[in-house]
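1. How does the following fold in three dimensions:
(2 chains)
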Amino acid sequence: GQQVMQIPQYQHVQEGEDFTTYCNSSTTLSNIQWYKQRPGGHPVFLIQLVKSGEVKKQKRLTFQFGEAKKNSSLHITATQTTDVGTYFCAGPSSNTGKLIFGQGTTLQVKP
Amino acid sequence: EAEVAQSPRYKITEKSQAVAFWCDPISGHATLYWYRQILGQGPELLVQFQDESVVDDSQLPKDRFSAERLKGVDSTLKIQPAELGDSAMYLCASSLVTSGTDTQYFGPGTRLTVL
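-> Residues are numbered from 1 along each chain as shown, chains lettered A, B, ... in the order given. Just a heads-up that it's a prediction; the model follows:
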């Protein structure tokens, strides 16, 4: 079946360093969504990308949707301790439209 | 800001017992989702409602799980009997419409531990 995969699974960085997580889908996506889940919390919607090659920024976060609409990335510049959490990408199933989540990338930031 | 409500937040039960979780979506949201999230993994959809109708329950273990949304507002997810492998976080989410492009708003979840 359709799969959404993320790498790396875990990332430990020193505060101030940059961080990138990558998301790959086995099929072309109509859109991709990114969510953040703080430790002990629930997923919170960050952004949605729809167009091929789209790049969106939210302060220190930069999101990119690949030209083929099968991959995406999230880059955080100069990480802060508040960035700690698990970042999930999710794309709709081509058959049913339901969101398929990647397994997430857990970011730890050392102060 | 409106939020999705869930209760209980934590539930510990013994295997073979019955458990039930409740969810109240954001007012006006027609679509309601129940997800299961195992530690270290992303949420996996169990069932999706559009108003009171089930849109997708292909991943719901129907021999032991049931879900209802009788009046198209709040919803209940039941497990009977619970098994050890059911230990997980059960998340409820809602969205305005049924669409792969619509933002989903998640509740705080119910963490289930089956002993």
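
2. ok, now which residue in chain B is the farthest from the centroid?
-> residue B:1 (21.3 Å; C-alpha atoms, centre = their mean).

3. From residue A:44, how far out is that one?
-> Distance, residue B:1 to residue A:44, by C-beta to C-beta, to the nearest Å: 12 Å. C-beta coordinates here come from the backbone N, C-alpha and C atoms, glycine included.

4. Give me the residue at the spatial middle of chain A.
-> residue A:89 (4.1 Å).

5. need the contact list for that one.
-> A:4, A:6, A:21, A:23, A:32-35, A:72, A:74, A:101-102 (C-beta atoms under 8 Å, 6 or more residues apart in numbering or on different chains).

6. Averaged pLDDT, the host helix or strand of it. What do you get?
-> Taking DSSP states H and E as the definition, one finds residue A:89 inside strand A:85-92. For strand A:85-92, the mean per-residue pLDDT is 96.

7. what's downstream of that strand, the next helix or strand?
-> Taking DSSP H and E as the definition, the helix or strand right after strand A:85-92 is strand A:99-101.

8. so what strands line up beside that following strand?
-> strand A:85-92 (antiparallel) (DSSP bridges).

9. quick check, distance from the partner strand to the centre of its chain.
-> Here strand A:85-92 is found 5 Å from its chain centre; the criterion is C-alpha atoms, centre = their mean, to the nearest Å.

10. So which bits of that strand are buried?
-> A:85-92 (16 or more other C-beta atoms under 10 Å in any protein chain shown).

11. Put the alpha carbons of that strand into PDB.
-> The C-alpha trace of strand A:85-92 is given here as PDB (Å, rounded to 0.1, in the frame of the first residue of the first chain):
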ATOM      1  CA  GLY A  85       9.300  17.400  19.600                       C
ATOM      2  CA  THR A  86       8.300  15.000  16.800                       C
ATOM      3  CA  TYR A  87       7.700  16.300  13.400                       C
ATOM      4  CA  PHE A  88       5.300  14.400  11.200                       C
ATOM      5  CA  CYS A  89       4.600  14.700   7.500                       C
ATOM      6  CA  ALA A  90       1.300  13.400   6.200                       C
ATOM      7  CA  GLY A  91      -0.200  13.000   2.700                       C
ATOM      8  CA  PRO A  92      -3.600  11.900   1.500                       C
END
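
12. now, which of the buried residues of strand A:85-92 sits nearest chain B?
-> Using C-beta to the nearest C-beta, residue A:92 is the member of these that sits closest to chain B, with 2.6 Å.

13. mind checking the end-to-end distance for stretch A:11-21?
-> End-to-end distance for stretch A:11-21: 9 Å, by C-alpha to C-alpha, to the nearest Å.
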